[in-house]
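1. Pasting a predicted model and its sequence here:
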Amino acid sequence: MKSFRHRLLMMIIGWIGLLLAGLFLIISQLFPIYTQLENPMTIWWLLLLLFVIAMIISTVISYHIIKIQAQPIENVTETALELVKGNYRARAVESGTVGAVQLSATINVLARNLQEITAVRQMEQERLKTLIENMGSSLMMINRQGRVSLVNKPFLKELEMSTEDVQGKLYKELNIPEVLADFIEKVFMTETADRDQIDFAIGLHQKHLDVYGAPVMGEHERWLGVVIVAHDISELKRLEQIRKDFVANVSHELRTPVTSIKGFSETLLDGAYEDTPTLLSFLEIISKESNRLELLIKDLLELSKIEHAGFQVNAQPADMKAVIERAADMIYPGMEEKSIFLKLQLEPVMVLGDPDRLIQVVMNLLANALTYSASETTVEVRLYKEKDEAVIRVKDEGIGIEASEINRLFERFYRVDRARSRNSGGTGLGLSIVKHLVEAHHGKLKVDSEVGVGTTFTIYLPLAS
């Protein structure tokens with residue numbers, strides 16, 4: 001722009017200089033008298049003066065001409081340079097001659113279009129980034145050189161890695177499970193889509209992934225790399241295993257009393273009924289097994305009802321001290337028969353809950369303590385307030401639970417000591433019912449245990465306002 005201005009200035013000065021030179025030539029021809037003066041240098045000084053004045057006038061005129069003609073062009077050029085730098089908010093001043101105004105307006109339209117396109121592109125990039133980071137599945141893209149070009153947070157979390165461990169590195173250099181590396185290698189080398197279910201250990205946890213890999217194709221069917229998508233199905237696998245265990249356990253639990261009832265009934269029908277002592281003994285066993293079968297079916301129906309999505313408790317202000325005392329009265333005969341001392345330390349506390357369901361919770365916890373506690377031990381029940389919650393703590397001196405088994409404690413039919421709990425008549429569903437009822441009251445359940453020392457169940461329930 002400066003060279004344009006200089007060229008324009010020199011052109012104007014040149015034209016004015018030629019004009020003055022011609023003017024001086026005409027003057028010297030029309031007025032030859034001046035050349036006969038005694039001091040002929042006077043006319044040259046006069047001409048020099050006129051030339052200086054003409055130069056000053058021409059400079060002023062040139063400046064204004066340049067300002068009018070060149071400044072809009074310079075402004076448009078500066079705006080274009082800003083657009084090249086990526087500043088699409090820059091605008092040219094729409095002033096000057098008609099041509100300059102049209103040029104400025106065109107540049108401004110271009111700038112607005114670029115700004116809108118950039119805004120749309122940024123919005124799409126943000127949407128894509130948000131989608132990739134929050135899609136729930138692990139995603140990794142590998143370019144045609146075999147380097148990781150994109151990886152999302154679920155992938156890093158799943159494999160317990162950081163972005164620095166993955167980004168820009170060859171997929172063969174990644175510290176990932178061998179089965180996953182083999183799957184990536186297969187998709188990358190064959191350039192064909194594939195799907196598989198893999199499992200591997202991460203620390204102490206077993207992971208199950210449903211992985212899908214496919215080639216990424218660009219324009220003209222150009223191969224750009226591969227994309228790997230993995231979905232964690234560990235929870236589904238766990239639930240599937242629980243379902244299988246549930247079916248197996250139900251079959252076993254139902255088969256035992258049914259087998260007993262059928263066996264003793266057939267024995268009686270074969271003639272044992274004629275022996276009165278044998279008859280009474282067998283009938284007592286059949287009655288006991290029938291009661292056990294009835295209790296099992298009742299607990300299964302109860303648990304099914306509690307686990308239903310629409311299940312709600314009849315929450316109302318309830319005297320938790322009275323609830324525990326009533327449950328203790330119901331379990332006391334069993335405690336007395338086994339010579340177990342029941343110690344109650346209860347403060348007056350009002351909770352928001354269903355009294356009948358809360359009695360069921362306390363009864364199941366006391367029955368569990370009774371089942372796994374030896375004679376001449378103590379079961380302690382405490383009730384007190386802690387901040388804005390009621391705390392119910394049931395502590396026994398039983399066999400205790402291994403730390404690895406605590407997470408499975410509330411599974412249906414799971415037993416720490418199968419022989420002891422089955423002989424006691426338990427169904428294996430009590431703690432599952434406790435867990436779901438506590439959650440239905442918007443409470444929390446905590447377990448602390450030590451093998452050979454005992455177990456403590458702690459329940460936190462909201463206070464009644």
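-> That came through, no problem.

2. Flag every buried residue along stretch 135-148.
-> By neighbour count on 16 or more other C-beta atoms under 10 Å, the buried set for stretch 135-148 is 137, 138, 139, 140, 141, 142, 144, 146, 147, 148. Where you see a C-beta, it was placed from the backbone N, CA and C, and this is true even at glycine.

3. send the alpha carbons of that stretch over as PDB?
-> What follows is stretch 135-148 as a C-alpha-only set of coordinates in PDB (Å, rounded to 0.1, in the frame of the first residue of the first chain):
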ATOM      1  CA  MET A 135     -21.000 -41.400  24.500                       C
ATOM      2  CA  GLY A 136     -20.600 -43.900  27.300                       C
ATOM      3  CA  SER A 137     -18.500 -46.200  25.200                       C
ATOM      4  CA  SER A 138     -14.700 -46.200  24.800                       C
ATOM      5  CA  LEU A 139     -13.500 -44.900  21.500                       C
ATOM      6  CA  MET A 140     -10.000 -44.800  19.900                       C
ATOM      7  CA  MET A 141      -9.000 -43.800  16.400                       C
ATOM      8  CA  ILE A 142      -5.800 -44.900  14.800                       C
ATOM      9  CA  ASN A 143      -4.400 -43.200  11.600                       C
ATOM     10  CA  ARG A 144      -2.900 -45.000   8.600                       C
ATOM     11  CA  GLN A 145       0.600 -44.700  10.200                       C
ATOM     12  CA  GLY A 146      -0.700 -46.700  13.200                       C
ATOM     13  CA  ARG A 147      -0.600 -43.800  15.600                       C
ATOM     14  CA  VAL A 148      -3.400 -43.000  18.000                       C
END
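
4. Determine how far that stretch lies from the middle of the whole chain.
-> 19 Å (C-alpha atoms, centre = their mean, to the nearest Å).

5. ok, now stretch 395-402?
-> The answer for stretch 395-402 is 37 Å, by C-alpha atoms, centre = their mean.

6. Quick one: residues in contact with that stretch.
-> 369, 372-374, 377-382, 409, 416-417, 447, 449-457 (C-beta atoms under 8 Å, 6 or more residues apart in numbering).

7. Could you rerun that using 10 Å?
-> 340-341, 343, 365-366, 368-374, 376-382, 408-409, 416-417, 420, 447-458 (C-beta atoms under 10 Å, 6 or more residues apart in numbering).

8. Would you mind measuring from residue 59 to residue 53?
-> Note on residue 59: its distance to residue 53, by C-beta to C-beta, to the nearest Å, is 11 Å.

9. Among the two, which residue is more densely surrounded?
-> residue 59 (14 against 11; other C-beta atoms under 10 Å).

10. and that one, what element?
-> Element membership of residue 59 [criterion: DSSP states H and E] is helix 41-85.

11. show me where the stretch 251-400 of the chain has helices.
-> 276-306, 320-337, 355-372 (DSSP state H, counting those that start in this stretch).

12. Turn these into CSV, including mean pLDDT and mean neighbour count.
-> Listed next are those as CSV, based on pLDDT from 0 to 100; neighbours: other C-beta atoms under 10 Å:
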stretch, mean pLDDT, mean neighbour count
helix 276-306, 76, 14
helix 320-337, 88, 16
helix 355-372, 86, 22
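
13. follow-up on the earlier one: in helices, which of the buried residues of stretch 135-148 appear?
-> In helices, judged by DSSP state H, none of the buried residues of stretch 135-148 are found.

14. Quick one: mean pLDDT for the particular helix or strand that has residue 197 in it?
-> Element membership of residue 197 [criterion: DSSP H and E] is strand 194-202. Regarding strand 194-202, the rounded mean pLDDT is 85.
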